[in-house]
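A.B. asks: turn this into a structure:
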Amino acid sequence: MEFDLKLQQFVDWKVYNVTPIKKKFGYRVLLIYADGSEVPQQKSGFDTKKAANADRDKTLGELYSGTYVVYANVKVKDFMVFWLEKEM
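C.D. replies: This is a model prediction of the structure:
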């Protein structure tokens, strides 16, 4: 299995309003990179609209402060293989 990790800094973003998603609540984040590519992300599974809005506000704060984690589910094993093959 090939692991494709796109390591580049996003230059802009859009965070959409909270909306119902599959009988729960969530929102979408669109990351825009310098080369013009766009990567959508969905944050969902919140039981209440209030909880989804609180997480959305947290995400906005992380985006503005530069601490937003793009790859939240990368296993160390996958990253190490990527690092050895692509970076070294």
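A.B. asks: switch to C-alpha atoms for all contacts and neighbour counts from now on
C.D. replies: Will do.
A.B. asks: count the residues that sit near the closest residue to Gln8 other than its chain neighbours.
C.D. replies: Distance criterion Cα to Cα, 6 or more residues apart in numbering; nearest residue to Gln8, sequence neighbours excluded, is Tyr33 at 7.4 Å. Counted with other Cα atoms under 10 Å, the neighbours of Tyr33 add up to 15.
A.B. asks: just Tyr16 next, same as before
C.D. replies: Taking other Cα under 10 Å as the definition, Tyr16 ends up with a neighbour count of 13.
A.B. asks: and if you look at the one 3 residues further on?
C.D. replies: Number of residues near Thr19 (other Cα under 10 Å) recorded here: 15.
A.B. asks: isn't it up against Gly26?
C.D. replies: Yes. In this structure, Thr19 sits in contact with Gly26. The criterion is Cα atoms under 8 Å, and the distance is 5.6 Å.
A.B. asks: what do the two both touch?
C.D. replies: Common neighbours of Thr19 and Gly26 (criterion: Cα atoms under 8 Å, 6 or more residues apart in numbering): Lys49.
A.B. asks: in stretch 23-33, which residues are buried?
C.D. replies: Phe25, Gly26, Tyr27, Arg28, Val29, Leu30, Leu31, Ile32 (16 or more other Cα atoms under 10 Å).
A.B. asks: quick one: mean pLDDT for that stretch?
C.D. replies: Stretch 23-33 shows a mean pLDDT of 96.
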